[in-house]
Structures are given as structure tokens and as C-alpha cells.
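[1] kindly generate the corresponding structure for this input.
(2 chains)
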Amino acid sequence: MIASGCFVLCYPDKSDDDGGVKTKKPRYSRITQQELHAQKPVLTKVWVTLVFLITSLILIPVGVVCLIYGLQAHEIVTRYDNCKMSGETDALTSNSDIQQFLWQNAGDSKALSCQIVVSIDKDMKGPLYLYYEIHGLYQNHRRYVRSHVDLQLAGQGGWQGYVNDQTQSQSCVPILNNAYGNQINPCGLVAWSLFNDTYHVKYHQRNSKQNVSSLAYVDLPATGIAFQSDITYRFANYTPQNFQPDLASWGGGGNITGTLKEDQRFQNWMRLSHMPKFRKLWAVWQDVDLVAGDTLYITVVNQYNTFSFNGQKHFVISTTNWLGGNNYTLGVTYLVAGGTSLLFALAYLMVTLIKPRKFADTSRLKRGATYKIPFAVK
Amino acid sequence: MVWTPWGSEELETSRDIPINTGLSNPIYKTNATSTTKYNLLTFFPKSLFEQYRRVANWYFTIVASLSLTPFTPVRAWTTWVPLGIVLGVSLIKEAIEDYKRYTADVEVNNRTVQVLNVETKTFEPKAWREIKVGEIVEVLRDSYFPADLLFLSAENEEGICYIETMNLDGETNLKIKKCLDCTKDLRRDTLCTLSNAVIQCEPPNSRLYQFTGNLTGLGEVIPINPAALLLRGCSLRNIERAYGAVIYAGHDSKVFMNATSAPSKRSRIEQIVDKIIFFMFGLLFAFCIIGSIYDARWLQVNLNNNWYLAPQYTSVQYNPATPAVNGMTNFVTCFILYGYLIPISLYVSIEVVKIIQSMVFISWDLDMYHAETDTPAIARTSNINEELGMVNTILSDKTGTLTRNVMEFFKCSIAGISYGAGVTEIERSNMIRRGQPVAITENPGLAQYRERYFNFYDKRIMEGAWVNAEDSHIIEMFLRLLAVCHTVIPDGPIVEKDIKYEAESPDESALVVAAKALGFFFFKRTNSGITVRERTATGIADVEYEVLNILEFNSTRKRMSVIVRDSQGKLYIFCKGADTVIYERLDNKNPQNKRLKEPTSLHMEEYGSAGLRTLCLSYAELDPGFYDEWQQGYFAAKTSLQDRDAKVAEVSEQIERNLVLLGCTAIEDKLQEGVPESISTLAAAGIRLWVLTGDKMETAINIGFACSLITEEMQQFIITAYFPEIEALEEAGKSDEADMKANEKVELQLKQVELEIRKGARSDIEFAIVIDGKALSYALSKRLAPLFLRCGLKCQAVICCRVSPLQKAQVTALVKSHGDVTLAIGDGANDVGMIQKAHIGVGISGQEGMQAVMASDFAIAQFRFLTPLLLVHGRYCYKRMTRMICYFFYKNLFFGITIFVFNAFTNFSGQYMYSDVYMTLFNVIFTALTPIVVGLFDKDVDKHMCLKYPALYKEGQRNAHFGLRSITGWLLTAVLQCAITVIIIFIGCVPTTVPRSTGQPYGQYEVGVVMFSCIIITVHFQIVTINEQWTWLHHLSIWLSQVVWWVFLLAFNSITLSISADLYWLFLGVVAWNPQYWLYILVVPIACLLPDFFFRSVRRHLYPYDHELVMEEQLMERLAERERLKKMRKDEEAAVLNGTAGNNDLRPPLIEPVYHVFDTSRARAGFLPAYDPNSKYYTNMDRPTQSEMTKVRNPVLDNLDATMMNIQRQSTLDAGAAVMRQQPTQSPAMHDSSKMGVIGSAGTANGVQNRYPTTSTQVQSRGSINLLLAGYQGQSCGQTSPPPHHDQQVHQDSSRPPQILLPPTHNANTRVRTTARVFPPSSHKDNNGTPNYAKHDRGSSTNPADLLAGNPHLQSDEAETLAIYASALKSS
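    The predicted model follows:
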């Protein structure tokens, strides 16, 4: 089919009415004659070595800087899911027992509370970032990820965020309606499984003689913890409807405080994590500088159910700098890549020194050269 | 009645067509034609069906359909849109092509023609489509026949007409057609009386040159021969009107029955692509199965524990109780998800690239444009471009392909005496080969007799001198035969000089022209006779011969005869044909035969070994009684409806007997331009050449030597089946025994050959086999074919002589069966089988006969264009295509695995971390442009390097870039890079890591963007590191594709939430302010590329590819050139400062062969490509040719040259033939150069050193320039730069110095010609284009023209140049 079209496409009929002589001679252009101006880099020994060396020269310093700043930030991670809750008896040994306990005391924050003590081992300049960290919860499972409606959260596409659309309501399966048949807003698994542990922090300075119990709780408002763009664009300013987490039977799921736009912890929860081990920002502690030897006493309502799947819960306190939190991967990556590049440069030089080759030696290609390559075999 | 799927249809066994009654059988097709593939209703189903012949389209449709189910991981439109685009593009292309065909059909169908109306008995206009079988139509001069017609009458007494068959077979010569005698007097007003005639004929068929039919109803039964058939597609010439009755109309006409679409060929590369796709499918299924099993198991065990997944609400896909169902639904999910492993845009990209490669690069290549015939190369298929880079064996026709098929009467032997003293190119090359001195024996007087078809001089018989020769009566008969025995049609004025002959074959023209030149001027042919103006001893007389029968030539008869009655009433049969055929039929008792047989056959052998085509001439006087008797038998045979050809042949045999030998003719079939160079280049590229020719063995061997197919160093084996004992057996009628014997003999010879080859295998000896057609028929038998193939494949060259078209195809199939990529090249209808059989069919276009071209995949004008077609285009296409395809799979595997790995972290639930939008766009947009640019513009070495080092081609033959190793290499690279990326990202960017000062850790979609950015950059930087050249298109595609990714991110950042979904405010809200993002997308690609780059650099150092070495050489050349220009500029400046500029004595005189300074790096290469000498690549330093020497750019100088040459020719003629020119043994050119210093000195500044010291070869070729100037106007000598090409050269090299041919100087007996270069007087003014060498080397600002502008000595103007010319002329 191409063949038949060729004559039509490529060459106009030679006969010409106005008598001019038309030829089939192709017109010259750099593109059609494949003579475009071109740089032709040839990877000579010098170039290859230079490329490796320059690469390592760039990567290693950057790696050093990244490593310095990555290690500068300090974080303290404290596991607390296994802490002893106030209502807990010694009989609770297995996770399923604890789960039972959670169900039985659902809503009873007193019975479920426990205290964790965090000793500061290093000076930490504020603002401090407080996180909860969960292990073993698959926020990236497809059933979970799909189960939310962006438009609903943003208050678009329906009255006050109700899901009217058939296809969108499919997204909320299995959490679309409550037991009375009323549509839940926000619907879906993600919102439904909202994290609901709470933390009350008491700050005990190293030199302070004050009794811990008499210390006041630090005021840690849940503001400034979500992405500004999420607050502005992705979450609407309406109060949830029919959003009563089913604490009684499953012990999971918290409630949203205020409107969606106001509850930044909810917003952080809705920003899904791609690994089963994740942390989410819980609060920012502005205007504080912790000193090594200080202690934090944290009362936790240990009610979020990670026990059913043998998960863990941690409380994290961390500083950040321009590069983020404590993290050495970036720096190491740079250093390893830079080091490898350096090694490659040396190895390549070695190879070229041990087995030198004449540059541009085309003698084996000359006509009549005995360099023969066997014909392609079947 | 035969049942066919389309309904029952009556199968015609014969046709009965009542003429002009309106009562034709309604089952005969009307004249409406359609070439479209679709109509409005069938377009969608049919064209879609065509599209779904590709497996990949089925796959993508299934994926898209599955994405409608609830199990889809992505939104449905993200799979449908790309599928729609891919299908839509193809459908639109189909629609456009079909619409073009439709409009052409409408135009043809609506043409009108005058048709005889049965009722009104008048001619009325009628559209072509309404014409029915049996109607009588009137065709006007220069218009086309609307259908296949029976020629009833024409507007002349003889009832003959001439037709042009260009559209049918491409032949430009006119053909004579003769109407039936009984109807030839019918005219426009009387044709209606013809109403009871009935044509009985065979049903429609595709045989163009055969027809069996009779006309009945007019008394006796009149046979209709093909000469009375006017075929659709031909046009009427020379005669105002012709009338015919429609026999076959519309799709029944022969031209339509012949229209076969070229067989669609698939390239080897595409077959490998299929395999890779199957591998990818395998991987996909493996991924799916692993995922499904894991997912099912995980849900079964863990779902109930993971309360946040709400296990209490089970669904089809999530039910711990039914793991099998979960697994199956997950399989569907995964099937869609991993679909990105298969590149959806691969086929579209391949198609786009291939079409541009073939339709633009190949078809528009000026290096393959043949100016003389105005023929560019044509790529008729675009499927197999890259196969051009993998050819192992070329199977070539000889006549018309290796040779020009321009026949020149060269020698003859009459009455045992050989006439004609020319030396053929083959003889000359033989002499050079043997180291004999090549004497130039051409008589200068020859030129005035020379004309087209005639290159002969012998004073013994020319100018009527033969009358006094011995045996003049034999010579007379010989010449008479030449003038009478043929089917040539004279055309034009009856003047010897101006008459033109239209002949079926150029040999015939050559013979008739020879007869004319020797005094027998044939000038008139009527229906019944021909007239010859004979100059004999008795004077000049117009003699008329009544032609009674013409026994036509065909390949089995190998002879043609004419039976004539001369003016005295004597009957003669004149017979010319192949020697073996004629000798068999000679009268053994005739004393003349006894006398002539031996010397004539000796001469024929001699001629044959000089590469000439010989024909044996004989005649006999016939007894009228015998003739009458024979005539009846002949008529019966002619009118028989069955086996007519066999019967006619049998009857003809009876009269072609007892012939008397006259002598033989020898016609030179010149080699095509550049054939030897091409063949040696192709041989150096490791391509075997098999020549399949119908010629005799001696001729074939000699052509083989002449075109350097066989060389002296080769060990040659000749395999034949002609042995006396076999012939004896045959003569005794024991054909079976003879067969067996021959079979044995051939086997024995082949075994011996194999043994010899095995012995010589260790040394570097090359081998050649020559095998004749008879032996070949045994060698091709099932038993011997493998042996023959084994031998043939070890040989550099194989020549098969005396082969039939069928054998050509068989040989091709045999070579193909070995697995070699075969290319068949030919020009004639006899090559069609071979062309269609081979992997690649190449037709020689621009010559007679389009059948080969119509069957071919590529059409080129000259054999030598095969070199650029294979070595340049084939090589490029192969490298580009393979790299592009490898790159496609590399990037898709890379991308696909990341999806799989992430899916593993989600318990194979089918979740991805990307957005479905940009996953889809990965193939369609982000990485779509780069592979296409790679596929179109990648170029490792320049064109001229491809030709300088033909061995580069072997990479393609070995399939070095698309074998298992390289594909695995690419795929492993993908896996390795993917591993590096995944490890870094999945360790570094986890949701417990905080990448920003505001404290939020990584989230799912953010990491998706990080990962995807890394992939986009890595796959593009992979191209950056392997790119072999950087044009602006490379830059554009590579950088733009990456920029587009961020543009996309920005766009989707703000686009409405319902479309952008997860991407809504992701980039500006989250990702962009993450410093780690920017740091990762720098280090990850580098980390990915480092190992690959290292391994490639080490490999390059230790085991460089051939092309890499050549690239290095190119680099050296460029550097040297830059250095040289710099130095030159410095010298110039110094010279200007010292005031010595222009002082001739301080400069080396610049006398050098002229070459095209198009590209100095090219010019430095110093090689002899087998290329168009008119091409800019023909930088033939070693052996400048005449055509090159005469190529002058400046039109003023052009004129001068012409004038000068005329003067020169005149003076030489005056000097007479007494001056025998010898070859200069040394290089007087060097001495002369000082004389030319005034002119030549300026050349130093042209930027071209005299790098090529004058060698003996140069001098030798300069010697041939003498011939040119001396008036030996050989055909090749006459070829100067054709005007169209000239334009282009001027365009490119506007400031290139022209060269001037200086007149020869007499120097005792030795005349020396030199060429010198002058700086063109006008060039310093003409500064609109800088010289190319400066252009090429952009790093340097040297512009010689600028430098020269300040040099007073170089500012000569045209007048000065003229003066120099004049003085030079005077001195000669």
C-alpha cells in the first residue's frame, strides 16, 4: 500500500502544461541528504577519564554536604504500642488480647492511656517536629488507595461533598453508607481508618526540679503540619457528615475535628504513604530548644489498632534543616556514586595502560586486510 | 459452475464474442474499474481488520477492554486514548491513500471514447466504464485503448498501427500492430456492416504476449495472433484513428490481470522484534502470575487481620474465602498494569521512521539520482530498509544490470574473415590484468562513422569497399540478411542520417544500423514487405522484398527467420541465431559451409571471449513447391487453438534446414558505468555476488573479469555438463543414461570443488565457481543442491551461465534457504521471479521494461547505486532501526520493572505509585520523539567512510547490533539501571524520611514523581552517552522530551481535579520545594549510567567495533584539517606581511587531479568509491576520469572548454592519424607544471595541498584524455556533467575553484596533457557561500576567499583567463 502511494506522493507527474522541464531530481536539503551539521563526539581515552573524574569531582563534594546536613538533623524514635495502658492487666500478653481490650474499652481514653518517657540525648533546636510512625499498615494497598474520592474531599462535584456520581461512589466501596443508609462524608477506607491516638506532652527540663505531674501539657496545636496546597486546594471547608467511626467493634478510626480544611492531621492521613512503614506529622513544636538531658513525658491514648496485624506504633521527635530530617541515604548515594566514578576512572586508566590500543587504527578494515569475520551463520 | 465463498460463479472456458450486436454475454465484466481497497461502507470494518492483523493491536484492545471492568488499576480513558490515536493514525493514512486511488479511478472511468451504437449505426461518445465486450470503439491518435481490443482496422491501407506500451511494460520503443486482413478496409461508416462476426478466444488471462483466438462468421475461420491485439494501457501512435472490438474489458483486461501487488516482505529485524515482544509477553505473564499468586495468598492469610481494609465487606476481588477468584481478578489487574512493558507506540514509530527512511532518505538521495535518465532511486516498500544493511548475497542479472544493454555493432566475421579492429573494455582489462601494454588501436577515422548502435571501422568493407573484396557475393548476402531479417520499424525521414529504428531489442537495431552503414539501407516496412536501398557493385537501387513469413525469436528457439521473395521472384529464408542452433541446421554438404564453419566458429569464440554477443547468420534458397507445401502446414499450426506455440515451432523447424553459413556478427554490450568499482567495493563489504546470466560461459567469464567479479588471485572452478560422452549418449537417444551420466559428472565436479575449497580454507585464497545452465539444472536437484550450496557459499563469486528465469528463481530460493539475506537485482521480465523470491528485490529503472521494477522493493537506475544503497543507506537503516528498537524495549522494560517492584511493596495488590496519566504518556509523549530521531538521524560514520571502509558493512551481516547478545545487553542494562534506581529511591525516599524543612515525610505520589523523573532523565541520558552524532534535531528531541515532562507536571498541577486527580497541586504544592527531589534526579541517573558507561568504554578500548575505529579516524581527520587550515592562515598572513604573496617560485606548483572539494575530510580519504562520477562523493583521486576532468563549474569557462575542444579536435584531425600517441611513461605533467605556474600557483590558496603526487596511473588516465581531445568521442567520454546536476554543484560549491583543461603540447612523439587548477576569477567576488572546507570546519574561522581577497596576484578576471587560454592554444 505504501508502494502504490509512492509514485503519487514523491514525484509529481513529469508532464508539465506550461512547457517547463520538470525533472525528478530530488531537491537538495541537508536533512534529505543526511548532511545535517553535527557534532560527533568520540569517546577518546582522555574524554572517558575526564568524564569519570569530573563526575566524581561533582558528586563527592555534594555527597559530603548532603551527609553533613543529613546527619545534623536529630530524631528520637520511641516505640509505644507495647506500653502498659492504665486499664491493662498482666493477662494481656498477645496482640489479640490487646485488641479485645481495645474493643472493650473503646472510647475510654483513660483506660487506654499510657505514658512514654523520651530522654533527649542531644541538643535539639526548635522547631521540633512530632510524628507518629506506624509499621505494618499498608496504606498502599490498592483496595485502600482507591477508596476515597478526591472531588468529595475538595467539596467539588456535588452538594457539600456528597458523592452523587455512580462511578465515584464505586470508589468509596466498601465504606459509602453508614448503618442507617446515609452516605458518609468523607467516605472510603482511608478516611474511615483515620489515626486516632492522641499525645499529651510534658516537657521536663534537665535542671528543673519540678515534679513531672505538676508540669503543664505543652500546647501543640495541629496547625502548620499539612501542605499548604492541600489546605488550600484539596480539602473543602465543611464538617463531615455521618462520619462516626465505628469504635465499638473495630477500635480504629478517629474523628475529624472541625471542617476538613481545619483538620490538618486528617489531611496528612489522607496523603498516602507508599510503604507499610511510615510516619506522619502530628504536630510542630515551635519556639523550643531541647537540651541533652531534658525529658519528655508523653501521655498517649493507645487506641489505634495496630495489634490485629502485629504492627508497631512509634512516637518520633525530630529536628529538620533545609535538607529535611535525619537521613544519610542521599549523602551516601552521592559518595558511593562519586567514589565509583573515581574507581572507574582508575580502572579505565589501568586497562588502557595495561592493554594499550593504537587510536584510529583502521588497518584491519582496509581493503584486502586479512581480518575476516565469518558470514552470519543460521 | 464453481462454488466460491463469494457465491457461485461461472468459470469461463472460452469466450464467444459476437461483434457489434449488443448481445455479449452478461457475465463478461464491463469496463468499469476500481482499484480502491475499500468503499464507504467497508472502510471501517475492512481497514480495522487490516490493523488487527497485528498481534499488538489485539493486545492493546484487550487491555483497553479490560480497563472497563472494575478490576482495572487505571482509568479507562488512559488506555483507550493512546489506542485510539495509534489506530486513528493508521486509518487516516489508509483513507488518504484509498481516496487517491478512488479519484484516479473516477477519472479513468469517466474518460470518453467513440463507440459504435448498434441501433443508430453511428459512433457516439461513451464513458469508459460503460463499454461492453463486443462493442466497436474508435481510438484516436495518442489516446489510450480503453480495453483489450481486437484490431479491426486503421486509417491506412496496410492496416497497421504503432503503439506505445510504456504503461504496460515500460518499453519506450513503438511496437507495430497489424489488423486482420479481412477487416482492414472497414472504416468509420462501414464498420457497422460487421455484425455477424464472432470472436472465439481463450478466457481472460495474464499472459501479455500470447493470445489464442479466431474470428468466425466471415466465411473462413481467421486466426487472430497477438499482433492484432491492442491492449489496455497502451496508446496509439503515428496513426490518426484505429478501430477495435472489445475482447476483454475492465478487470478482465490483461493489464489488470497482470496487476499483482508486490509480495509483502517482512524483514528479519521485524521477526526478531516479534520474538522480543513474545519475550516481553512472557515476562508480563510471569509478573502477572507471581503477583496473582502472592496477592491471593496474602488476602487469604492476612486480609482478616488488616481491619483497615474492611475485610468484613467482601467483594469479588477481596474475599479471603476464595483465593482462586482473587488471584484471577488480580491477574486481570496486573495484565493491564504491566501493559507498559509492551511499547504501544513501537509500531507507529517504526512505521514513521521506515517511511521517512525510504521515502525521503533513499528516494531523495542525490547520490542515487541518475541524471542522464532523470531517474532517482525509488523505494517501493518501506518494510525492509534495514534488511539492506544485512545482505550476504547479491544475485545479479547481467545484461542491462552489469552491462548497459546499449548494443553496438563491433565486429563481424564474413566468409571466414574477421572485420573490425576495436578493442573492447573487457579485452583491455584482460590486457591490463595480464600486464600487457594496452595499445590504443582505434583508428581516428572511426569517429566519423560512429553512431548510436554502431562502433565499427574496417576500411576493407566500409564505404562500399567490400565490393572488391574476395567473396563479395557472400558479403552482399550477409548485408542483405542484416537489412531484411528483423522486425525493426523505421521511423522518421528517409535519410540515412536521420532515420530512426524502433526495434524490440537493441541488438536488432544494431544490426540494421550496421547494414545501413555498410550500404544496405533499410527504410520502409509495409504490411507485406520491406524496402532496402542497396549499394552494390551494380549501383544503388531500392529493392523491395516481399516478406512472406516471420518465424519469431524466442528463448527456446534461439533464432529468428524471415522468408522473403525478392524482386526476381526467388524465395529465400534468412536465419540468424545462436551458433549452436544455426550450426545444427547447416547443410553439411555445402562447400561454402565446409569452408566457413571452422574459421567462423573460431572467430565467434574469439569474440565471445572479448565479451561480445555473437549471432550466427545463414540463409537458404527455397524451392517454391516445397515452400507452398510448408506454408499450408504453417498456416494450420498458426490457426490451431491448442498448443499453437509448440506446433508453430515444430513446423518452423521444417523449413529452417540446410542453411548456408554466411558469418557472424559481434555486438558489444558495454559495462555499466562504475560496475567494477561497485563490485570490488561490495566484495570488500563481504557480500558474495552470484551472477545469473543467459549468456555463454566465455562471455560470462570475461564479463566477470572485466567487472572484477573474478580476479586472477581467485581459484576458479568451472562446472559443466557438456562432455563428449554425454553428448554421444544424447545423440544416440539414450536420454535417461545421458541424464544419469551428467548427474554423476556434476556431482563429481562439485565434490572436487568442495575438497579444493576445504584445502584452501586455511589460506586466504578466494574462490569462484562458474557453472553452466545444464549443470545447474542437475546441481539444483534435491540431491545435489546442498552440496552445491555448500560450495557456492564458500565462494566470493558464482557465475551461472545460460540460466532460465525459472532457474534464477530457484538459485535465489536455494541461497535463501541457507538463511542468508539475499538481494536480487535485475532489469528485465526474466528477473521478476528472482526479484520476488529474494529477501530484497531491486529493479533497474529508467531503462526498458518496467516489469522488474514493478516487482521490486527498490528501484535504482544503475548497478553502481547498489553500493550507496547497501553500504550507506542499508547500513544506516540497519543501525538506526536496531538501535531504535533496542532502545524502545530498554526503556519500557526499565519502566515496567519499576511498576512491578513497587507493586511488590503493596502485596501485589495492583497499586502503582505513578499517576495513570503519565504512565500512559510515557510511551506516547515523553519518550516518543527521541527514538524516532535516533531512528532517523543517528549516524556513526559519514557516508564517504561507509564507502571507504566497506568492511563496516559486515557488522550488519553479522547482525552485530541486534543479535541475542546485544539485545540481552540492552535488556540487562535496563534491569541493572532499574535496580539501581529502585534501590536508591526505595531506600532514600521512604515515608519515614523527611525531605523538607517543613517536616512532612515522603508520600506515595511524590515518590512516584521522583521515580518517574529519574526514569525520564536516565533513559534520555542513556541516549546522550551512546549518541554518535549530535544534530540540532537530537538536541531538540532529547532536551525537549525532558522539558515536556516538567511542563506536563506544571500543567496537571493546576488542571481541574477530576482529570489531574493525584497530580492536583502535587508538583507546586509538594514536590518542587523538596530539595532532595532535585538532588536525587541528579544522582540517580548518573549512578545508573556509570556502570554502563564504564563497561562500554572498556569494551570500546579493548574490543572496538569497526565503526568506532572509523569514527576515531574521522576525528583525526577533522583535527588534522583544522590544524592545516590554521597553519595555512598563518602562512598567508606571514606571506602578506613579507610581501611575497603570489610569488610563484616560493610555492609548490599546484598540479593535481581535480576532485570535488565538497568536504575536505572526504577528499582526504583518498579512495575510489563506486559512485556516480557526477556525485559530490566521487572524490576519485587515484584515477580521475574524463567526466570528472571536464566538469567545470564556471559557465564562462564551460563555454571556453567547449570551444577549445572543438579547436583541438579540428587540429588533431588535421594532423591526421599519423601521430600515434603513446602512454607517457613518466610524469611529464610535473615538468609542465612549472609552465602552468602562473595559473596554477593561485591554487595553493584554495586550501588543497598537492597531497597526491602524480603517479603513473594518473598519467595513464590523462592519456585517455588525449583521446577525448583527439576526437575519439567515446560514449563515456561524451558524458559531461549534466545540467541539472550542474545546478546543484554550483549551489553547493559556488566558490569552488573550477579547473581548466589546457591544450596539449606536442613533445616529439609524446603528447602530454596536464590539468591545472586555477582560482576562479569570479570567486573572490562571489562570496555568498564560503568554501565548503571552511564551512565544514566550523571551529576555525579560516576563509581562504577572504584571505585571497587581499592578494593582488590572484585578482585576475575573466579577460585575463581568456588571454591565458589564447596563449596556451597558440603554443600548441
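
[2] from here on, contacts and neighbour counts on C-alpha atoms
    Will do.

[3] the closest residue to B:Glu552 other than its chain neighbours: which element?
    Of all residues not flanking B:Glu552 in the chain, B:Met560 sits nearest, at 5.1 Å (CA to CA, 6 or more residues apart in numbering or on different chains). Following DSSP states H and E, the helix or strand that holds B:Met560 is strand B:559-565.

[4] beta-bridge partners for B:Ile667, please?
    Going by DSSP bridges, B:Ile667 is paired in beta bridges with B:Phe409, B:Arg613.

[5] for A:Tyr131, helix, strand, or coil?
    Each residue gets one of three states, and A:Tyr131 gets strand by DSSP: H, G, I helix; E, B strand; the rest coil.

[6] that one reaches A:Phe278, doesn't it?
    No - the pair formed by A:Tyr131 and A:Phe278 falls short of the contact definition of CA atoms under 8 Å, at 9.8 Å.

[7] which elements pack onto the strand holding B:Met560?
    Strand B:559-565 makes packing contacts with strand B:539-551, strand B:571-577 when contacts are defined by 3 or more CA pairs under 8 Å, 6 or more residues apart in numbering or on different chains; DSSP states H and E.

[8] that strand to strand B:571-577, inter-axis angle?
    Angle, strand B:559-565 to strand B:571-577, by axes from the mean of the first three to the mean of the last three CA atoms, to 10 degrees: 160 degrees.

[9] give the rounded mean pLDDT of strand B:559-565.
    With pLDDT averaged residue by residue, strand B:559-565 scores 91.

[10] with stretch B:437-445 instead?
    Taken as a whole, stretch B:437-445 has a mean pLDDT of 59.

[11] what sits against the closest residue to chain B within the stretch 251-378 of chain A?
    Proximity of the stretch 251-378 of chain A to chain B (CA to the nearest CA) peaks at A:Gly324, 4.0 Å away. The contact partners of A:Gly324, taken as CA atoms under 8 Å, 6 or more residues apart in numbering or on different chains, are A:70, A:73, B:994-999.

[12] that one and B:Lys647: what is the separation?
    Distance of A:Gly324 to B:Lys647, computed by CA to CA, to the nearest Å: 100 Å.

[13] from B:Leu1036, how far off is the residue of the stretch 201-350 of chain B found nearest chain A?
    Of the stretch 201-350 of chain B, the residue with the smallest distance to chain A, taken as CA to the nearest CA, is B:Asn305 at 5.1 Å. Using CA to CA, we find B:Asn305 at a distance of 54 Å from B:Leu1036.

[14] what do you get for B:Leu964?
    When CA to CA is applied, the distance between B:Leu964 and B:Leu1036 equals 32 Å.

[15] these two - which one has more neighbours?
    Neighbours were tallied for B:Leu964 and for B:Leu1036 using other CA atoms under 10 Å in any protein chain shown; the higher tally belongs to B:Leu1036 (15 against 12).

[16] who in the stretch 351-500 of chain B is up against chain A?
    Taking CA under 8 Å from any CA of the partner chain as the test, the list of the stretch 351-500 of chain B residues beside chain A reads B:359-361, B:363-366, B:369, B:371, B:374-376, B:379-382, B:392.

[17] of those residues, buried ones?
    Among those, those scoring as buried are B:359-361, B:363-366, B:369, B:371, B:375-376, B:379-382, B:392 (criterion: 16 or more other CA atoms under 10 Å in any protein chain shown).

[18] pick out the most distant pair among those residues.
    When those are compared pair by pair using CA to CA, the two farthest from each other are B:Ala371 and B:Asn392, 29.6 Å apart.

[19] quick one: neighbours of the closest residue in space to B:Thr424 that isn't next to it in sequence, just the number.
    Once flanking residues are discounted, B:Thr424 sits nearest to B:Ala610: 6.5 Å by CA to CA, 6+ apart. When neighbours are counted by other CA under 10 Å, B:Ala610 registers 24.

[20] got it, and the one 10 residues further on?
    The local packing count at B:Ala620 equals 20, with neighbours defined by other CA under 10 Å.

[21] what does the one 5 residues further on give?
    Taking other CA under 10 Å as the neighbour definition, B:Gly625 ends up with a count of 9.

[22] kindly report the same for B:Tyr1103.
    Counted by other CA under 10 Å, the residues lying close to B:Tyr1103 total 12.

[23] and it, how far is that from B:Ser1097?
    Using CA to CA, we find B:Tyr1103 at a distance of 10 Å from B:Ser1097.

[24] same check on A:Glu75?
    Noted for A:Glu75: a distance of 44 Å to B:Ser1097, by CA to CA.

[25] what about the two, which has more around it?
    When A:Glu75 is set against B:Ser1097 and neighbours are counted by other CA under 10 Å, the residue ahead is A:Glu75, at 22 against 19.

[26] not counting sequence-adjacent ones, nearest residue to that one?
    Spatially, and ignoring its direct neighbours in sequence, A:Glu75 is nearest to A:Ser318 (4.0 Å; CA to CA, 6+ apart).

[27] if I read this right, the one you found contacts A:Ile76, doesn't it?
    Yes - counting by CA under 8 Å, a contact exists between A:Ser318 and A:Ile76, whose distance comes to 6.3 Å.

[28] close to chain B: what parts of the stretch 1-150 of chain A are there?
    The stretch 1-150 of chain A comes close to chain B at residues A:1-6, A:10, A:23-28, A:32-34, A:36-43, A:48, A:59, A:129, A:133, A:137-138, A:140-145, A:150, as judged by CA under 8 Å from any CA.

[29] only whichever of the residues you listed are buried, select them in ChimeraX.
    Buried residues within the residues of the stretch 1-150 of chain A next to chain B, by 16+ other CA under 10 Å, are selected in ChimeraX with:
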select /A:2,3,5,6,23,24,25,26,32,33,34,36,40,41,42,43,48,59,129,133,137,138,140,141,142,143,144,145,150
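
[30] distance between the ends of stretch B:361-379?
    End-to-end distance (CA to CA), stretch B:361-379: 9 Å.

[31] please read the previous query as pertaining to stretch B:233-246.
    Stretch B:233-246 stretches 14 Å from its first residue to its last (CA to CA).

[32] state the pLDDT value of the nearest residue to B:Glu476 once chain neighbours are set aside.
    Counting by CA to CA, 6+ apart, B:Glu476 lies nearest to B:Thr536, which is 7.5 Å off, once chain neighbours are set aside. The predicted local confidence for B:Thr536 comes out at a pLDDT of 85.

[33] show me the contacts for B:Thr536.
    With contacts taken as CA under 8 Å, 6+ apart, B:Thr536 has the following neighbours: B:464, B:467, B:476, B:519.

[34] and the residue nearest to the last one when sequence neighbours are not counted, what element?
    Meaning B:Gly519. Closest residue in space to B:Gly519, ignoring its immediate chain neighbours: B:Arg535 at 5.2 Å, by CA to CA, 6+ apart. Counting by DSSP H and E, the secondary-structure element that holds B:Arg535 is strand B:529-536.

[35] ok, now B:Leu152?
    Under the criterion of DSSP H and E, B:Leu152 resides in strand B:148-154.

[36] what angle separates the very next helix or strand once past that strand from strand B:148-154?
    Downstream of strand B:148-154, the first helix or strand assigned by DSSP H and E is strand B:160-164. Following the same axes, to 10 degrees, one obtains 140 degrees for the angle between strand B:160-164 and strand B:148-154.
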